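A.B. asks: Next come a sequence and a model predicted from it.
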Amino acid sequence: MINHAEAEQKKYAEMLEENKPSECEACSGPLSLEKINLEDYQGGKLYLMEHVPAYVCQSCGEVWIPEPIMEEFEKMIETVKQKKEAAVKSKNIRTVNKSQAKRHKEGK
Ligand SMILES: [Zn+2]
């Protein structure tokens, strides 16, 4: 079985190598690869993508998000929007998946 999260990380790593900027475009400072949280407000709702790789300038603090990451983020928003519509339609149907229930219990 393919670990989806791992595959995603590998895909991002390849994307980042291909798109790696040599220096900050604002101040020419050194960039370091960090995990950041992407946020976007659309239709009064907050969409959040956590721990995405981005380049952070060590000199001025500017965050440079690689184009493929932004595309993934936009795709994720579309997916969430579609899921929400589906959830409204099947409002009265509740199913509990054992592994999901366990994860909820362990979380936080
Ligand atoms: Zn900079």
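C.D. replies: Everything's here; your move.

A.B. asks: Which strand or helix spans Val56?
C.D. replies: Using DSSP states H and E, Val56 sits in strand 45-57.

A.B. asks: Around the ion, which positions in the protein sit nearby?
C.D. replies: With the criterion set to Cβ under 5 Å from the ion, the chain comes near the ion through Cys24, Ala26, Cys27, Gly29, Cys57, Ser59, Cys60, Glu62. Backbone N, C-alpha and C define where each C-beta goes, glycine included.

A.B. asks: With adjacent residues omitted, what lies nearest to the third one?
C.D. replies: On the basis of Cβ to Cβ, 6 or more residues apart in numbering, the spatially nearest residue to Cys27 that is not a chain neighbour turns out to be Cys60, at 4.6 Å.

A.B. asks: buried sites along the helix or strand where Lys84 lies?
C.D. replies: Secondary structure from DSSP H and E places Lys84 in helix 67-89. Within helix 67-89, the residues that count as buried by 16 or more other Cβ atoms under 10 Å are Ile69, Glu72, Phe73, Met76, Ile77.

A.B. asks: That one packs against which elements?
C.D. replies: For helix 67-89, the packing partners by 3 or more Cβ pairs under 8 Å, 6 or more residues apart in numbering; DSSP states H and E come out as helix 4-19, strand 31-42, strand 45-57.

A.B. asks: want to try TSV for those, with mean neighbour count and mean pLDDT as columns?
C.D. replies: Formatted as TSV, the helices and strands packed on helix 67-89 follow (neighbours: other Cβ atoms under 10 Å; pLDDT from 0 to 100):
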stretch	mean neighbour count	mean pLDDT
helix 4-19	12	74
strand 31-42	13	92
strand 45-57	15	91
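
A.B. asks: Output those in TSV, with distance to Ala86 appended to each entry.
C.D. replies: Shown next, in TSV, are these (distance: least, Cβ to Cβ, whole Å):
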stretch	distance to Ala86
helix 4-19	20
strand 31-42	18
strand 45-57	16
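
A.B. asks: So for this structure, the centremost residue is which one?
C.D. replies: Met49 (3.5 Å; Cα atoms, centre = their mean).
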